[in-house]
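Asker: Let me see the structure of the following:
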Amino acid sequence: MKEYSSKLLAKARDTIEGAEGLLDMGKAEIAAGRAYYAMFYVAEALLFEKGSQFSKHGQVIAAYGRKFAKTKELDPKYHRWLRAAFDTRISRDYDVDTGIDRTIVSELINEAREFLEAAQAYLEK
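Answerer: The predicted structure is shown next:
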């Protein structure tokens, strides 16, 4: 695995831990955003391993879909989760009075963790 990818995965791990802490503090909306960013870092790491880098979130999400979900190199559910987490982050960051259930955020964090674990296993092959 390339050093940059390894650093992105470490950042994803730290971000998941941060999301858990924020959720414990009652900051569900912020924790949801952190869960998305963890998934984003994982997708960036996987794409970097294939020689791709992008400057926009939409580009990363689309490229991940083309290179990993469509080809089924990794379970397509990770792409669905990444897209859904992005939508959640956008609505929580830019809307007011959105509120989000703690259970939903906990699930986002679990999805981020599972995506990270799948990426690590894939890259260690």
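Asker: rest of the way, CA atoms for contacts and neighbours
Answerer: Noted.
Asker: tell me the contacts of the residue most central in space within the chain?
Answerer: By Cα atoms, centre = their mean, the mean C-alpha position of the chain lies nearest to residue 39, the distance being 0.9 Å. Neighbour list for residue 39: 12, 82, 112, 115-116 [criterion: Cα atoms under 8 Å, 6 or more residues apart in numbering].
Asker: These: which two are farthest apart?
Answerer: Checked with Cα to Cα, the contacts of residue 39 reach their widest spread between 12 and 82, with 13.1 Å between them.
Asker: quick one: least confident helix or strand in this protein?
Answerer: Lowest by mean pLDDT, DSSP states H and E among the helices and strands of the chain is helix 77-94, with a mean of 90.
Asker: Quick check: what element follows it along the chain?
Answerer: Sequence-wise, the next helix or strand downstream of helix 77-94 (DSSP states H and E) is helix 102-124.
Asker: what's the angle between that following helix and helix 77-94?
Answerer: Counting by axes from the mean of the first three to the mean of the last three Cα atoms, to 10 degrees, helix 102-124 lies at 130 degrees to helix 77-94.
Asker: For helix 102-124, output the C-alpha coordinates as CSV.
Answerer: Output in CSV follows, covering the C-alpha atoms of helix 102-124 (Å, rounded to 0.1, in the frame of the first residue of the first chain):
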residue,chain,number,x,y,z
ARG,A,102,-28.7,9.3,17.4
THR,A,103,-29.5,5.8,16.1
ILE,A,104,-29.1,6.9,12.5
VAL,A,105,-25.7,8.5,13.2
SER,A,106,-24.6,5.4,15.1
GLU,A,107,-25.4,3.4,12.0
LEU,A,108,-23.5,5.9,9.8
ILE,A,109,-20.5,5.4,12.0
ASN,A,110,-20.8,1.6,11.9
GLU,A,111,-21.0,1.8,8.1
ALA,A,112,-17.9,4.0,8.0
ARG,A,113,-16.0,1.4,10.1
GLU,A,114,-17.1,-1.5,7.9
PHE,A,115,-16.1,0.4,4.8
LEU,A,116,-12.7,1.1,6.3
GLU,A,117,-12.2,-2.6,7.3
ALA,A,118,-13.2,-3.7,3.8
ALA,A,119,-10.8,-1.3,2.2
GLN,A,120,-8.0,-2.4,4.4
ALA,A,121,-8.6,-6.0,3.6
TYR,A,122,-8.7,-5.2,-0.1
LEU,A,123,-5.5,-3.2,0.0
GLU,A,124,-3.6,-5.8,2.0
